[in-house]
Structures are given as C-alpha cells and as structure tokens.
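Novice: Please work out how this folds:
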Amino acid sequence: MLDTQRSARRPVRLPPPSTRGALLCAVLVLAPRCVESKAKTTLHTAKALVASAQSAFAEPRSRRFAAPADTSPKSVEAALWTGHSAISPHFQHATFAYTDFYYSYYSRATMPLLAKRYDYIMSGSGSRWRALDATISHIPYRLLWTVPLPGQKSNEFATMEAWYAAHPQFDIEDAFLHEVGTSRDPAHRMTTVIWGTKRWMLNPADSGLRLYHRDDLGRILESGDAGVFYDELGRGVMAKAFRSLELDSLAYQRATVAKLAAEREAYPHAIIKVNTAAYMTPFDSAVIVAAGAAHLETLNDALSANITYAWRWIDNLFAAGVWSIEFVSLRAWTDKLPASLTPGNEDTRIHRVRMGDYASYLMVRPSAPRKLQWNQDNSWSEDPGAHWLKAYEANLGEPMAARSVLTSGTDPLGQKYTVWQRPYTRATVLLRTVVGWDKPNYGDESAITVTLPRPMRRLTSSGALASPSTTITLRAGEGAILLP
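Specialist: As a prediction, the model looks like this:
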C-alpha cells in the first residue's frame, strides 16, 4: 500500500478544463518504444486513450429523473434479494474485492463468511481461500521497482540472489539503479525508505530482472493463483527513481511500461494488477494500460470534489482496453471522519459514508460488473466480518444508462452541489457531489431536497426499505438508492 496516500489523505486534482484534453498526451511519448514485441500497449491504444480523455468530460446532463426499468414495487421487491451465488461471482449487480492483510489475526469463522461475499482477494493464503471457494480469484502481493535490503523483515533479496546464481548469464548488479555520477557497485545503489523499510531501487530495463519477475509470475500461476499484485506503482512515490546512472526520467518510464507490457504478453490471461493509488498522471495511465489491471487505492471518496474526476479516469482506462479495475475507498471503517459529518439518512456516520461510496461505485460500474470491483474495507486492524452492509446484497439489476446530472445549485450554506443519477433495472442511484475545493460542510444544515416524480423507497444500509416518499434529502457527499 502506498504510505503517501494513507497518510496525506489529500485529493488529487486534475488540470483545469482547458488542459484536460492533454491529460494523457504523454502516453504518446511513452508508447512508441514501450513494447519490444507484440504487447498490447500500442500507439493506437494511446491515441484512443487520449481521444477518450478529450471526449469524456462532456458529461450528460439529463435534468429529468431517470427511473428504473422496473417500476412495479411488487416485482422489484420480489427480485431484490435474489441472484446470490455461494461461489464466485457472488452477486449479479456488483463485484467486491478484499485486501487480506488481516489473515493472521481473524478467526477461522470469518473466512467462510468473507468467501461468500468477495470475488477478488489480494494477499493472504490463496490455498485457504480456494478451499472455501475454488472459483475465487486470489493474487499475492509483490514489489516491482524496489527490493528490501537484507535484515528488513523480508527474504526477497535472498530469493533474488538465488535466482541470479542459477542464471549466471545475468549480472545481479545490472538489476539495480545507481546514483548519478557514481559507479555500478553495491555501495552506490540507489536507496529509498517506504513504510519504514529501507530498499534498493531496481532497474526496469535490465533483461535479467525482467526474466526474474516473469519467472516469479509463472510460479504464482502454477500454484493456482490468478496473477500478481504490484504495490507502490504510483507516479508520486516512484518519482525518486526517475533519474539514475543508468536511465534518465523518460527512459525509466518507458522501461517500466515495457516491462509490464512484456509480462502481460507472456501471460495474457493473468491478472497483473498495479497499485497506482489516487495518482492520475500520464505515467499512471501508461502503466495501467500496459498491465491491463489496476488497484486504485483511496480513490473512491464520495465526500471529495475529486470523485467526478475519478469516474472519468476509470471511464478512460476502460476505453483504452484495461480489463480489470479495483476501486478502493479512501476511508476505512475505523478512520476519523470529518467533524461536520452527520448520519444523514442513515443510522450511523460510517454507514452514510459507506452508502455514498457504494453509490459512487455504481455510478461508474461498466456493463460487465466483474471489470470493476469495489474494495470498501481498506482497514486491517479489526475483524472484517462485521464490515459489511446488507444493502450491498440487494440485487439492483443492470445499469440502464450512463450516469447523468439530475440537478445542480447552491445549498443553504452557499455551497455548490451537483446531484448525479444512474438508473438500474430495479433502482435509481443518486449521489450529491461536492463542487469546489473549499473545505465543505457535510452537516444537516447543508441538506437540499430533491423532488421525485413518483413515490419511491430508499434502500437503507440495513437492507430495509424506507417509507415511500416523493422527496429525498441529500447532504454534501450523500448518496441514496431509490426503489419504486
């Protein structure tokens, strides 16, 4: 996990509208030489990504309520709790992912419960998860551009040394980056500290290192796992490696993209998921497109003005051929919440946050639900069995149209807002997003009332349906799922 994201908790802002069309233009620079064989990150793909970035900012503005396809209360209620499967995929309307950094602490009774909910698992024991559900997709944790020094609670360097000893045609010193103006020797290897662990930085252009990582992925797949998770690939945290004795900044970025593209070509059916966190730069777009899958840690935050940019970012990545994205919530269940945040329409403050993030996920979910997974539990200090809302299990059906703007304006506190909507088969999803970068007030005094064309029932976090109403009250950053 990227420590810069977990500690800073600041939104990532995209360029202003006048420059957004060029948001991904650097991909055109990276792409021509980023693939040494027939990898999938091509110039054509990069052009398509730029084109989608230019067009995707013209969001639909409906101004009319988008009703669900099924408007019969009895029909909707009869189908609402159907469709769950004990094996993956578990739900028809949504896909859930889980980061298993808690596996050594929780009770054995928790795992069977989680295995009935989550389709994608990162870290933990793949064999234990598959014993509960043979169809679950499990991927182990790996580092791609650093390796911990010996004595740093990791045996990765010893594994790497052993591999190079078995492959004497490669010089292990070539696998490292060295300080500018020095020599290629262990004393001048570039180092960094992440999460309190001192590490050497690796050279993505080294052919030995590329084969080492590809061999590792091959062994992972042979074990029954679905692929690999590469942590800390975000542009911000990697920038310190961009200039070395071996590579300048552009060469380093090209080599990193090429390395991932080569792995994807070698194992086209493997999940190669890169964690770029909340970074949304041209380099991040290039590595995600090259790998084909992404873990967007901390990017899903319905309380942030950044959320609409995150949706567009995901739209553009899918348009570029990315086939799997994990949309990870910023706030864990145990995190401190904004002081002004009230329970709103829910029973607790965290349930309001969770329902808002769920609405955000539903706003950008593609027609194939397994392409976008929601990871709502970015916390590893409590038993995760209780970190679940019954509302997630309600079968909302399929999205019937793209998200659109229902209404916008200024709330009683003078804060600008936009209410987004998206119709599903059995529900209409609403989310009131924050507009502007001033510190927002999320309290009851920020509430606005949206008039509905017909009486509708709100799906509560507990799974119960509220009484029918022709209005819905939404506070800043608050979401709602409405049923006939």
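Novice: Please make it C-alpha for all contacts and neighbour counts, starting now.
Specialist: Noted.
Novice: Quick check: which helices or strands does the longest helix along the chain pack against?
Specialist: Assignment by DSSP state H gives helix 249-266 as the longest helix of the chain. Helix 249-266 is packed against helix 26-30, helix 207-222, helix 282-291, with contacts defined by 3 or more CA pairs under 8 Å, 6 or more residues apart in numbering; DSSP states H and E.
Novice: Name whatever forms a beta bridge with the closest residue to residue 432 other than its chain neighbours.
Specialist: Of all residues not flanking residue 432 in the chain, residue 419 sits nearest, at 4.2 Å (CA to CA, 6 or more residues apart in numbering). According to DSSP bridges, the residues that bridge with residue 419 are residue 407, residue 432.
Novice: Point out where the stretch 1-150 of the chain drops to low pLDDT.
Specialist: 1-62, 102-108 (pLDDT under 70).
Novice: Quick one: the helices in it, in order.
Specialist: 3-8, 17-20, 26-30, 43-55, 73-79, 110-115, 126-132 (DSSP state H, counting those that start in this stretch).
Novice: buried ones in the fifth one?
Specialist: This points to helix 73-79. Going by neighbour count (16 or more other CA atoms under 10 Å), the buried part of helix 73-79 is 76, 77.
Novice: Now do the longest strand along the chain: everything it contacts.
Specialist: Ranked by number of residues, the top strand in the chain under DSSP state E is strand 448-458. By CA atoms under 8 Å, 6 or more residues apart in numbering, the residues outside strand 448-458 that reach it are 65, 411-412, 465-475, 480-484.
Novice: Buried only: go through the residues you listed for me.
Specialist: Using 16+ other CA under 10 Å, the buried members of the contacts of strand 448-458 are 65, 411, 465, 469, 472-475, 480-484.
Novice: Relative to residue 338, which of those is nearest.
Specialist: Ranked by distance to residue 338 (CA to CA), the buried ones among the contacts of strand 448-458 are led by residue 475 at 13.4 Å.
Novice: Got the phi and psi for the closest one?
Specialist: phi -90, psi 170 (degrees, to the nearest 10).
Novice: where's it relative to residue 330, distance?
Specialist: 19 Å (CA to CA, to the nearest Å).
Novice: Repeat that for residue 384.
Specialist: Counting by CA to CA, the gap from residue 384 to residue 330 is 16 Å.
Novice: out of these two, which sits in the more crowded spot?
Specialist: Per other CA atoms under 10 Å, whichever of residue 384 and residue 330 has more neighbours is residue 330, with 29 against 21.
Novice: Now the more buried one: closest residue in space, sequence neighbours ignored.
Specialist: Nearest residue to residue 330 in three dimensions, chain neighbours excluded: residue 298, at 3.6 Å (CA to CA, 6+ apart).
Novice: Residue 199 now?
Specialist: residue 148 (4.1 Å).
Novice: so the one you found sits right up against residue 159, yeah?
Specialist: No: the pair residue 148 / residue 159 is not scored as a contact, 11.4 Å apart, by CA atoms under 8 Å.
Novice: List the contacts of the residue nearest to residue 199.
Specialist: By CA under 8 Å, 6+ apart, the neighbours of residue 148 are 154, 156, 157, 197, 198, 199, 200.
Novice: how far away is it from residue 254?
Specialist: Distance, residue 148 to residue 254, by CA to CA: 24 Å.
Novice: got it, and residue 128?
Specialist: From residue 128 across to residue 254, the span is 38 Å (CA to CA).
Novice: With neighbour numbers in mind, choose between those two.
Specialist: Neighbour tally, residue 128 and residue 254, criterion other CA under 10 Å: the higher count belongs to residue 254, 24 against 12.
Novice: pLDDT score assigned to that one?
Specialist: Residue 254 carries a pLDDT score of 97 in this model.
Novice: do the same with the one 3 residues further on
Specialist: Per-residue confidence for residue 257 comes out at a pLDDT of 97.
Novice: when you compare where the longest helix of the chain runs with where helix 282-291 runs, what's the angle?
Specialist: Helix 249-266 runs at 20 degrees relative to helix 282-291, counting by axes from the mean of the first three to the mean of the last three CA atoms, to 10 degrees.
Novice: Can you name the element that comes right after helix 249-266?
Specialist: As assigned by DSSP states H and E, the chain's next helix or strand after helix 249-266 is strand 271-275.
Novice: Show me what that following strand is packed up against.
Specialist: strand 227-231, helix 282-291, strand 293-300.
Novice: who does that strand pair up with?
Specialist: Short version: by DSSP bridges, strand 271-275 pairs with strand 227-231 (parallel), strand 293-300 (parallel).
Novice: where does the closest residue to residue 181 other than its chain neighbours fall, phi/psi-wise?
Specialist: The shortest distance from residue 181 to any residue other than its chain neighbours is 6.4 Å, reached at residue 245 (CA to CA, 6+ apart). Here the main-chain torsion angles of residue 245 (degrees, to the nearest 10) amount to phi -60, psi -40.
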